[in-house]
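In: here are the coordinates; sequence isn't available:
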């Protein structure tokens, strides 16, 4: 019974942490336009960058990642499986925050943050795949998609099968959230890094 309570607590803490819309909060404090009315309408760092504020985009990227890491570490302190449970909940909180009618970001930064909380070698592999694929293709979205697919495989190879399953769920959600990007990649119309939209 205690383990169920701790797992539910991990879900609640993770979701509440993940649902903090740092991109929206930072841009509002800075007097920038409402993120939901520009670009993709997402609350993540990529859309913050469209406001022309690189400093706010970097801060959003960092904070969106840290909330995933914090959730995973807090969850792990509650129960053996709590890290994955809280991390997954934080990811869902970012993608579908209740405060914003469940319209959040695409989750890549929070995904990476969760990985750092669960297994840092996998997080480094995620970074390496993301950067390599993006550099070779000049598509940021392709880098995120490749890294998301590599993460559960890396966890499985490292022997973290439980976490691999949870991270695979996150990867599926990332792919769904990138469905428009995938369509543009297939059509050859996706914007490349450094190219004006």
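Out: Yes, it's here. The model shown is predicted, which means the values in this text are computed figures rather than measured ones.
In: rest of the way, CA atoms for contacts and neighbours
Out: Will do.
In: just how off-centre is the helix-or-strand element of the chain with minimal mean pLDDT within its chain?
Out: Here the helix or strand of the chain ranked lowest by mean pLDDT, DSSP states H and E is helix 45-49, holding a mean of 84. Relative to the centre of its chain, helix 45-49 is centred 13 Å away, using C-alpha atoms, centre = their mean, to the nearest Å.
In: now stretch 84-92
Out: With C-alpha atoms, centre = their mean, you get 10 Å for stretch 84-92.
In: Tell me the confidence at the residue lying closest to residue 109 once chain neighbours are set aside?
Out: Nearest non-adjacent residue to residue 109, counting by C-alpha to C-alpha, 6 or more residues apart in numbering: residue 65, 4.8 Å away. Residue 65 carries a pLDDT value of 97.
In: Can you tell me what sits against the lengthiest helix in the chain?
Out: The longest helix of the chain (DSSP state H) is helix 54-78. For helix 54-78, contacts defined as C-alpha atoms under 8 Å, 6 or more residues apart in numbering pick out 6-7, 10, 13-14, 17-18, 22-23, 26-27, 44-49, 81-87, 90-91, 109-118.
In: Point out the other helices and strands that the helix or strand that it is followed by packs with.
Out: Once the chain leaves helix 54-78, the next helix or strand it forms, by DSSP states H and E, is helix 82-95. With contacts defined as 3 or more C-alpha pairs under 8 Å, 6 or more residues apart in numbering; DSSP states H and E, helix 82-95 has these neighbours: helix 2-18, helix 54-78, helix 108-118, helix 161-177.
In: which one of those lies closest to residue 132?
Out: Residue 132 sits nearest to helix 108-118 of all the helices and strands packed on helix 82-95, at 15.5 Å, using C-alpha to C-alpha.
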